[in-house]
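> Using only what follows, build the 3D model:
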Amino acid sequence: MLSIGSVVLGVSDVPRAAAFWGAALGYVPREEMEEDWVVLVPAPGVAAGVQLSLSLSVTPVRDHPRTHLDLYAADASDQAAEVERLVSLGAQRVEWDLYPADADFVVLADPDGNRFCVIDTGQAAS
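A predicted model of the protein is given here:
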């Protein structure tokens, strides 16, 4: 049986991306960072999670990517706080043209422009 071992993001600056995603997720490099590659894993004491691999890429970022990360927040208050924290780390708010009226997510972009969502998981319980 297969399992997902790592999610890989293409980035234009591996050290910058590692700094952003490390701070965003509480992850650390699994081993020494290469110029074109690093694997981030949860730091000791951080909840388990899928490792995130960052690979140097020259392909352009897409406005509507086929694949993206969903980061879960406990509720609307946690979501708002996390969005502000991520923006303070270098993420940018995305003017998303596909928001439904009752969106439980906020679309952000990392410093390389990769889109990701911060989800209010408390809406599902309401």
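> Can you list the residue ranges for strands in this protein?
In the chain, the segments counted as strands under DSSP state E are 6-11, 27-29, 37-42, 51-56, 69-73, 92-93, 105-109, 115-120.
> Show residues contacting the lengthiest helix in the chain.
Ranked by residue count, the top helix of the chain under DSSP state H comes out as helix 76-89. Applying C-beta atoms under 8 Å, 6 or more residues apart in numbering, the set of residues contacting helix 76-89 from outside is 20, 23-24, 71, 73, 93, 106, 108, 118-120, 122-123. From N, CA and C alone the C-beta is placed, and that goes for glycine too.
> returning to what we had before: let me have the strands of the chain in a markdown table, adding distance to Y99 as columns.
Compiled in a markdown table, these are given as follows (distance: least, C-beta to C-beta, whole Å):
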| stretch | distance to Y99 |
| --- | --- |
| strand 6-11 | 23 |
| strand 27-29 | 28 |
| strand 37-42 | 29 |
| strand 51-56 | 25 |
| strand 69-73 | 15 |
| strand 92-93 | 12 |
| strand 105-109 | 8 |
| strand 115-120 | 11 |
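> And W96, how far from D75?
Counting by C-beta to C-beta, to the nearest Å, the gap from W96 to D75 is 21 Å.
> Then D13?
For D13, the distance to D75 - C-beta to C-beta - is 33 Å.
> for this protein, what are the low-confidence residue spans?
124-126 (pLDDT under 70).
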